[in-house]
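# Please find the sequence and the predicted model below.
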Amino acid sequence: MKKIIITGGAGFIGSHVVRRFVNKYPDYLIINLDALTYAGNLENLTDIEDAPNYVFEKADITNREQLNAVFSKYDVTDIVHLAAESHVDRSILSPLDFVYTNVIGTVNLLEVAKEKWKGNYADHLFYHVSTDEVYGALGAEGLFTEETRYDPHSPYSASKAASDHFVRAYHDTYGIKVVVSNCSNNYGPYHFPEKLIPLMINNIINNKPLPVYGDGQYTRDWLYVKDHAVAIDLIFHEGKIGDTYNIGGFNEWKNIELVYLLCEQMDLKLGRAPGTSKQLITYVKDRPGHDRRYAIDAGKINRELGWMPSVTFEQGLSETIDWFLENTVWLNNITSGAYASYYDHQYENR
Ligand code: NAD
Ligand code: DAU
């Protein structure tokens, strides 16, 4: 029987991965290991929290004793590692937090796996979930492939790049079975409202300014989070050991065009006159070191594992807006308290 630790399972993407594995694989035990930082929220998982094949363990990946205890308690067979500090703007304010969690936390987890699985590495998998930001920035043309040279620019992407290198180093040096995937920008239900799409949705609902960084011409490739969870499932079960898979949505948008689209869709859904929300757009100081464009060539995962995004952007965005409009309690629980204070002060602190 597989007993899989999913780290960061109370976060945005992690909660979708946990839900998929719990529902699809009743014979697996899914252990959601999460420290419940500001971004971790068990309200993301209320629909599956009583499932017989699901348990939650509050533990910090930087704490070896806590990891040892969880490993011993469950005789863990595999790890899907998503726990991280994930927000670029926060990494500019507090880079060391990103080193502790993303670099030291990942190496700590690798160390525990190395010790606990010793003599039996063939039976265990360490799957590391990473980001396309490790590849740096593209100009107007081109796509990131699995062969693109690493060139991270933010403290966040530098910390994720370092963690990717450590995961591969543990494969090459100790023979631990690993697989890594690097994905583009996700969006969907349970997205923490510090990130572009949920932040804009929340501010449109509340008639607050829509802060667009710099000239708004920065480009991102957006993928519906449930399609990312499908890709993770496929790679976990069928990915080639030691390999890397890029995951993307074939869906590039300039930030300002995306904000226009959100404004249009939300005016319709909220019954506001066309053009109302656009008036909230406010150009603000740019993010330092802001990467101009990300775009993923997801050809390898398509050819080798048959994966393609299943949800169109129109569908995914509409479902996402509906979800936020229907889940105001979830949103209000997050946007009150500590987050409100971070949000109000983030620009002046940068
Ligand atoms: P998130 O910030 O929503 O969630 C992170 C989770 O990790 C939270 O539940 C938090 O409590 C937990 N966590 C943080 N520090 C921890 C620690 N020290 N010990 C245990 N748990 C801890 O992040 P997300 O957006 O869901 O991203 C998940 C992973 O996917 C990250 O590794 C991120 O780098 C990667 N990724 C994210 C995106 C994206 O668009 N969001 C795209 C590609 C890759
Ligand atoms: O590419 C994958 C990465 O996508 C993940 O690894 C990260 O964890 C995730 O946070 C995301 O990083 P980005 O920096 O691309 O996402 P964010 O939503 O913060 O910003 C998207 C774009 O929108 C970026 O160009 C900055 C811009 N932006 C963002 C915010 C929050 C704005 O213009 N205004 C804003 O208020």
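Ah, there it is. Ligands and ions are numbered 1, 2, ... in the order given.
# contacts, neighbours, all on C-alpha from now
OK.
# quick one: contacts for Lys208?
Contact partners of Lys208, counting by CA atoms under 8 Å, 6 or more residues apart in numbering, are Leu280.
# how does it look with 10 Å?
200, 202, 277, 280-282 (CA atoms under 10 Å, 6 or more residues apart in numbering).
# mind listing what's buried in stretch 88-105?
Of the residues in stretch 88-105, 88-92, 95, 97-105 count as buried by neighbour count, 16 or more other CA atoms under 10 Å.
# Over to stretch 121-140?
Of the residues in stretch 121-140, those with enough neighbours to count as buried (16+ other CA under 10 Å) are 121, 124-137.
# Count residues in the vicinity of Asn120, would you?
Taking other CA atoms under 10 Å as the criterion, the count of residues near Asn120 is 10.
# Wait, it touches Ile176, no?
Yes. Between Asn120 and Ile176 there is a contact at 9.1 Å, judged by CA atoms under 10 Å.
# anything in contact with each of those two?
If you check Asn120 and Ile176 against CA under 10 Å, 6+ apart, the residues they both contact are Lys114.
# residues from the stretch 151-300 of the chain in reach of ligand 1?
183-186 (CA under 6 Å from any ligand atom).
# now these in a markdown table, with distance to ligand 2, secondary structure and pLDDT?
Rendered in a markdown table, the data for those read as follows (distance: CA to the nearest ligand atom, whole Å; DSSP: H, G, I helix; E, B strand; the rest coil; pLDDT from 0 to 100):
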| residue | distance to ligand 2 | secondary structure | pLDDT |
| --- | --- | --- | --- |
| Cys183 | 6 | strand | 98 |
| Ser184 | 4 | coil | 98 |
| Asn185 | 4 | strand | 98 |
| Asn186 | 7 | strand | 98 |
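# out of the buried residues of stretch 88-105, which touch ligand 1?
Among the buried residues of stretch 88-105, the residues that sit close to ligand 1 (CA under 6 Å from any ligand atom) are Thr101.
# Just to check, Leu317 is in contact with Val259?
No. No contact is recorded between Leu317 and Val259 when judged using CA under 10 Å, the distance being 11.6 Å.
# Quick check: neighbours shared by the two?
With contacts taken as CA under 10 Å, 6+ apart, the residues that reach both Leu317 and Val259 are 197, 265.
# now the helices for the stretch 101-250 of the chain?
If you assign secondary structure with DSSP state H, counting those that start in this stretch, the helices in the stretch 101-250 of the chain sit at 106-116, 155-174, 196-205, 225-238.
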